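Undergrad: Just a sequence and a predicted model for now, questions to come.
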Amino acid sequence: MVDDTDAIKAKIQDHLVSLGNYEIISKHLKLKLYESGWFDEVSQIASRELQKLELEGSNFESLYEFLRPKAEEKVPDSVKEDVLEKIKQYLDDAIQ
């Protein structure tokens, strides 16, 4: 079942990329994240954590492992819903 799901996800991504829709959705996502203040918020979290990690002698990987889940949870629900709706529209158009 997991392999089937991964295969379907890969086909969807390939389809979106081949038609140029992946880039359109990606740009739309970046714009919505910027407008929501997500970039500023995540940058502030990263800066604070980077200062701590520099004192500990940690590296980029440590910062990434710390920051990724926090950044993902900070994405506003409205942005998630909006982008998922865009993907759904493209897929609906592709199926018809």
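TA: Yep, it's here.
Undergrad: all helices for the protein, in order.
TA: 2-18, 21-36, 38-56, 60-74, 77-95 (DSSP state H).
Undergrad: Present those helices as JSON lines; the columns should include mean pLDDT and mean neighbour count.
TA: Heads up, the C-betas are built off the backbone N, CA and C, glycines and all. Formatted as JSON lines, the helices of the chain follow (pLDDT from 0 to 100; neighbours: other Cβ atoms under 10 Å):
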{"stretch": "helix 2-18", "mean pLDDT": "83", "mean neighbour count": "11"}
{"stretch": "helix 21-36", "mean pLDDT": "94", "mean neighbour count": "14"}
{"stretch": "helix 38-56", "mean pLDDT": "90", "mean neighbour count": "13"}
{"stretch": "helix 60-74", "mean pLDDT": "93", "mean neighbour count": "12"}
{"stretch": "helix 77-95", "mean pLDDT": "89", "mean neighbour count": "12"}
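Undergrad: most remote residue from the protein's center?
TA: L55 (29.2 Å; Cα atoms, centre = their mean).
Undergrad: how close does it get to S36?
TA: Here L55 is placed at a distance of 31 Å from S36 (Cβ to Cβ, to the nearest Å).
Undergrad: Could you work out the end-to-end span of stretch 64-83 for me?
TA: Start-to-end span of stretch 64-83 (Cα to Cα, to the nearest Å) is 24 Å.
Undergrad: Relative to the whole chain's centre, how far out is it?
TA: 7 Å (Cα atoms, centre = their mean, to the nearest Å).
Undergrad: again, but for stretch 70-88
TA: Distance, centroid of stretch 70-88 to centroid of chain: 8 Å (Cα atoms, centre = their mean).
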